[in-house]
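Student: Below are the sequence and a predicted model; questions follow.
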Amino acid sequence: MELLPSDAEKIEVPGATVDFYRYTKDGITYYQFDTSRCGPPEPMVNAMSGLKLIDGPDKKLVMINHKKPMGLLDKIGQNYEIETENLENGNVKLTFGFKEGATSSANLGDTACHG
């Protein structure tokens, strides 16, 4: 997988349809997945599954996708700190982080893709 550190460990994530990996960097645990070759609704389904792992400021979710997932961002954007990076190959890397007072209220059960 693109941008995956050599010490990353494959993990099982309930509800996921792609491989997820876990690694630690600078005291932060990262969960990473790649849906850049997937069509709807897989990016949404996997993001929602992965976001359930982000339960504190010491955990982040990294999503590699073929484009910025606007439907996902419309649903949960206000509940997470989100960094976006355009990659050289045309894909997008999104890093979701815990947002104090907002993340716990995210509706992660609605995986319908509308955008």
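Tutor: Cool, the structure landed.
Student: Surely residue 74 is in a helix?
Tutor: Yes - according to DSSP: H, G, I helix; E, B strand; the rest coil, residue 74 belongs to a helix.
Student: Past the helix or strand of the chain with the lowest mean pLDDT, which element shows up next along the chain?
Tutor: Least confident helix or strand, the chain: helix 70-76 with a mean of 94, by mean pLDDT, DSSP states H and E. Beyond helix 70-76 in the direction of the C-terminus, DSSP states H and E gives the next helix or strand as strand 80-86.
Student: which residues are contacting that next one?
Tutor: 51, 54, 68, 73, 92-99, 102-103, 106 (Cβ atoms under 8 Å, 6 or more residues apart in numbering). Any C-beta I mention is one placed from the backbone N, CA and C, and that applies to glycine too.
Student: Got a PyMOL select line for the buried ones in those?
Tutor: Only the buried entries of those go into this PyMOL selection, using 16 or more other Cβ atoms under 10 Å:
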select buried, resi 51+54+73+92+93+94+95+96+97+98+99+103+106
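Student: and which of the contacts of strand 80-86 is nearest residue 9?
Tutor: Residue 9 has its nearest neighbour among the contacts of strand 80-86 in residue 54, at 17.5 Å by Cβ to Cβ.
Student: so residue 82 bridges to which residues?
Tutor: residue 96 (DSSP bridges).
Student: do the one 10 residues further on as well
Tutor: Residue 92 has the following beta-bridge partners by DSSP bridges: residue 65, residue 86.
Student: so what's it up against?
Tutor: 64, 65, 66, 67, 68, 84, 85, 86.
Student: nearest to residue 28, of those?
Tutor: residue 85 (16.2 Å).
Student: Could you count how many residues lie near the closest one?
Tutor: 12 (other Cβ atoms under 10 Å).
Student: repeat for residue 18
Tutor: Counted with other Cβ under 10 Å, residue 18 comes out at 19.
Student: The one 10 residues further on now?
Tutor: Residue 28 is surrounded by 13 other residues when neighbours are defined as other Cβ under 10 Å.
Student: Thought residue 7 was touching residue 21, still the case?
Tutor: No - counting by Cβ atoms under 8 Å, residue 7 is not a contact partner of residue 21; they are 9.8 Å apart.
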